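Student: Structure for the following, please:
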Amino acid sequence: MTVEMKKLRGQFRSTIWDPTLIISQIFAVQSIFYSCLGLWLSMVNVLTGSNSSLDLLFKYEEIHIHDFGGRAVVAAFILNSLTGAIALWFIVGRTKQCLDFAATTHLLHLIICWVYNSLFPSTISWWLLNAACVTIMCVYGEYLCLKTELQAIPLSVGPKADL
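Tutor: Okay, the predicted model is just below:
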């Protein structure tokens with residue numbers, strides 16, 4: 001057993017920085033984010049009768065509240081933030097890291113939208129929606145992770161002894 005492993009032996013969680021784990025978690029959360037957003041938007045398309053395209057995911061102009069289609073897209077993004085929180089719970093599992101991963105997911109979404117549109121987002125509705133979504137994803141993810149982390153740890157192995 002190495003000296004490093006002996007130091008970690010008494011700790012509940014290891015604090016070793018593992019870039020491979022972090023990158024794979026970011027990739028997994030981002031993949032679930034876009035997969036579930038695609039599913040939510042497909043359901044929106046069934047409801048509204050509109051055509052499916054990548055514009056619904058990445059175009060700034062698709063996010064508005066002027067008509068039912070735009071409101072349905074906004075609803076899909078909000079529902080997707082709840083799905084993302086569940087992904088944080090399963091993949092990350094740490095309350096302290098939920099904000100980091102939620103912000104990273106939405107930062108990568110910003111970069112992808114910027115590249116897709118060849119224009120930095122300037123619509124207030126896009127910014128408000130993404131700020132709300134990152135907040136919902138973070139807070140609900142923290143709630144789920146905290147609920148799991150605070151579960152009682154059974155300490156007794158054998159029968160209880162009366163002292």
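Student: where are the low-confidence patches of this protein?
Tutor: The chain contains residues with pLDDT under 70 at 1-15, 152, 156-163.
Student: quick one, longest helix in it?
Tutor: Taking DSSP state H as the criterion, the chain has its longest helix at helix 19-48.
Student: roughly how far out does that helix sit from the chain middle?
Tutor: Counting by C-alpha atoms, centre = their mean, to the nearest Å, helix 19-48 is centred 9 Å from the centre of its parent chain.
Student: Helix or strand next in line after it, which one?
Tutor: Downstream of helix 19-48, the first helix or strand assigned by DSSP states H and E is helix 55-58.
Student: what angle do the helix or strand just after that following helix and helix 19-48 make?
Tutor: On the C-terminal side of helix 55-58, the closest following helix or strand by DSSP H and E is helix 68-87. Interaxial angle, helix 68-87 versus helix 19-48 (axes from the mean of the first three to the mean of the last three C-alpha atoms, to 10 degrees): 150 degrees.
Student: Which strands or helices does helix 68-87 pack on?
Tutor: helix 19-48, helix 98-117, helix 124-149 (3 or more C-beta pairs under 8 Å, 6 or more residues apart in numbering; DSSP states H and E). Yep, even glycine has a C-beta here, placed from its N, CA and C like the rest.
Student: Please work out the angle formed by the directions of the shortest one and helix 68-87.
Tutor: What it means is helix 98-117. Interaxial angle of helix 98-117 relative to helix 68-87 (the same axes, to 10 degrees): 140 degrees.
Student: Now do helix 98-117: which elements does it pack against?
Tutor: By 3+ C-beta pairs under 8 Å, 6+ apart, helix 98-117 packs against helix 19-48, helix 55-58, helix 68-87, helix 124-149.
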